[in-house]
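Chemist: output the structure for:
(one chain, ligands or ions: 2)
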Amino acid sequence: MISGTIFDIKRFAIHDGPGVRTTVFFKGCPLNCWACHNPEGQQVGSDLLIRDERCSLCGDCLDMCPRDAISQNGNGIQIDRLRCDLCGACADACLRGALEIAGKSVAVDDVVRQIERDIVYYDESGGGVTFSGGEPLAQPDFLLALLTECKQRDISTVVDTSGYAPLTVVRSIVDLVDLFLYDLKLADSNRHEEFTGVPNGTILENVSWLSEHGSRVTVRLPLIPDVNDDEENLRALGGFLSSLSRPHPIDILPYHRTGVDKYARLGRGYHLSTKQPPSEARVATAAQLLEQAGLNVTVRGEPYVLEQ
Ligand code: SF4
Ligand code: SF4
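Modeler: Numbering: from 1, shown residues only. Ligands and ions are numbered 1, 2, ... in the order given. Okay, the predicted model is just below:
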């Protein structure tokens with residue numbers, strides 16, 4: 001039985017593709033984007049998150065830790081993450097849900113059973129399942145098995161991806177995917193590597209191949225002030241996408257700060273700690289630049305209407 005590692009399954013999702021969807025979040029991502037909203041999905045292995053606001057300082061977790069990795073002061077508990085081996089005993093002991101292990105191994109059948117629970121909602125809304133992350137293409141056998149099971153049940157499939165994977169992986173799943181939500185951030189590879197940790201050649205090649213293959217793709221552009229909202233980048237992305245054999249539509253997702261708290265819960269710093277969302281004027285400028293390239297542009301999934 002094939003299994004994989006996930007960190008969440010979210011039912012009744014309405015922003016992860018058409019209709020009402022169940023979103024399965026794969027653990028592990030080869031990128032390390034500064035603005036990642038799911039930092040608990042980045043590492044391949046498990047993570048321990050602490051919610052200070054839920055902690056009553058009862059001390060139960062200290063007693064359960066076999067590695068003596070937890071200490072407590074008047075402000076809350078602290079984890080020595082070098083000592084912690086992520087066994088999860090503290091999370092099991094905490095009745096207030098202040099500790100959480102993100103990341104668990106699950107069998108394909110178990111995931112499919114959870115997906116199947118909401119088939120009636122998928123059918124009524126035009127929804128289905130979305131595989132997100134983390135990076136679903138980073139667990140290709142698990143993803144292929146899940147997609148195959150979903151298609152056997154006539155469940156619509158969406159893959160939400162950075163596109164950073166060997167083309168052989170993309171080819172192996174492509175005909176089982178009804179829609180790709182495909183992140184593009186920066187056209188310049190050096191800037192892309194600074195922001196994400198990897199160059200963008202593979203990502204651009206794969207999205208070109210999907211265009212030639214005739215796959216349904218919506219490119220998603222997280223628009224981040226002073227990171228990728230400059231005219232040079234937007235014109236370059238627009239030019240690249242409009243040059244494809246079948247240009248994909250592009251959806252602008254203005255930067256927001258949802259998920260920022262998770263960095264502190266993981267004991268990590270956040271690269272964009274002072275960054276604020278873009279103004280609507282900057283979003284409009286970005287949309288206009290991309291429209292001028294001949295692309296079909298939406299903002300947060302809604303049609304963008306160019307003011308006359
Ligand atoms: S068991 Fe939970 S509530 Fe009690 S000290 Fe530990 S984290 Fe806080
Ligand atoms: S996960 Fe295990 S080792 Fe880590 S702090 Fe909790 S009980 Fe201790």
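Chemist: C-alpha only now, for contacts and for neighbours.
Modeler: Noted.
Chemist: any idea how far the residue nearest the centre of the chain lies from residue 43?
Modeler: For the chain, the residue nearest the mean C-alpha position is residue 133 (4.2 Å; CA atoms, centre = their mean). Taking CA to CA, to the nearest Å as the measure, residue 133 falls 11 Å from residue 43.
Chemist: hey, what's in contact with both of these two?
Modeler: Counting by CA atoms under 8 Å, 6 or more residues apart in numbering, the residues touching both residue 133 and residue 43 are 27, 28, 29.
Chemist: quick one, what contacts the last one?
Modeler: Okay, so that is residue 29. Shown in contact with residue 29 (CA under 8 Å, 6+ apart): 41, 42, 43, 44, 133, 134, 135, 138.
Chemist: and those, which is closest to residue 238?
Modeler: Taking CA to CA as the measure, residue 238 lies nearest residue 135 of those, at 24.5 Å.
Chemist: report pLDDT for the closest one.
Modeler: On the pLDDT scale, residue 135 is placed at 98.
Chemist: chain neighbours aside, what residue packs nearest to it?
Modeler: Nearest non-adjacent residue to residue 135, counting by CA to CA, 6 or more residues apart in numbering: residue 29, 4.8 Å away.
Chemist: and if you look at residue 246?
Modeler: Nearest non-adjacent residue to residue 246, counting by CA to CA, 6+ apart: residue 211, 5.4 Å away.
Chemist: just checking, what packs against the host helix or strand of the one you found?
Modeler: According to DSSP states H and E, residue 211 maps onto helix 201-213. Taking 3 or more CA pairs under 8 Å, 6 or more residues apart in numbering; DSSP states H and E as contact, there are no helices or strands that helix 201-213 lies on.
Chemist: any idea how far it is from the middle of the chain?
Modeler: 19 Å (CA atoms, centre = their mean, to the nearest Å).
Chemist: can you list the buried residues in it?
Modeler: Buried positions in helix 201-213, judged by neighbour count with 16 or more other CA atoms under 10 Å: 203, 204, 206, 207, 208, 209, 210, 211.
Chemist: output stretch 212-232 as PDB, nothing but the C-alphas.
Modeler: This file holds the C-alpha atoms of stretch 212-232, laid out as PDB (Å, rounded to 0.1, in the frame of the first residue of the first chain):
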ATOM      1  CA  GLU A 212       1.800  22.600 -25.500                       C
ATOM      2  CA  HIS A 213       0.100  19.500 -24.000                       C
ATOM      3  CA  GLY A 214      -3.200  21.400 -23.800                       C
ATOM      4  CA  SER A 215      -3.600  21.100 -20.000                       C
ATOM      5  CA  ARG A 216      -5.900  23.400 -18.200                       C
ATOM      6  CA  VAL A 217      -3.700  25.700 -16.100                       C
ATOM      7  CA  THR A 218      -4.400  28.900 -14.000                       C
ATOM      8  CA  VAL A 219      -1.200  30.700 -13.200                       C
ATOM      9  CA  ARG A 220      -1.200  32.200  -9.800                       C
ATOM     10  CA  LEU A 221       0.900  35.300  -9.100                       C
ATOM     11  CA  PRO A 222       1.300  36.100  -5.400                       C
ATOM     12  CA  LEU A 223       1.800  39.900  -5.700                       C
ATOM     13  CA  ILE A 224       4.300  41.100  -3.000                       C
ATOM     14  CA  PRO A 225       5.300  44.700  -2.700                       C
ATOM     15  CA  ASP A 226       8.900  45.400  -3.500                       C
ATOM     16  CA  VAL A 227       9.500  41.700  -4.200                       C
ATOM     17  CA  ASN A 228       7.800  41.100  -7.500                       C
ATOM     18  CA  ASP A 229       5.400  43.900  -8.200                       C
ATOM     19  CA  ASP A 230       7.800  46.000 -10.300                       C
ATOM     20  CA  GLU A 231       7.000  46.800 -13.900                       C
ATOM     21  CA  GLU A 232      10.100  44.900 -15.200                       C
END
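Chemist: since that was my last question, I'll sign off now.
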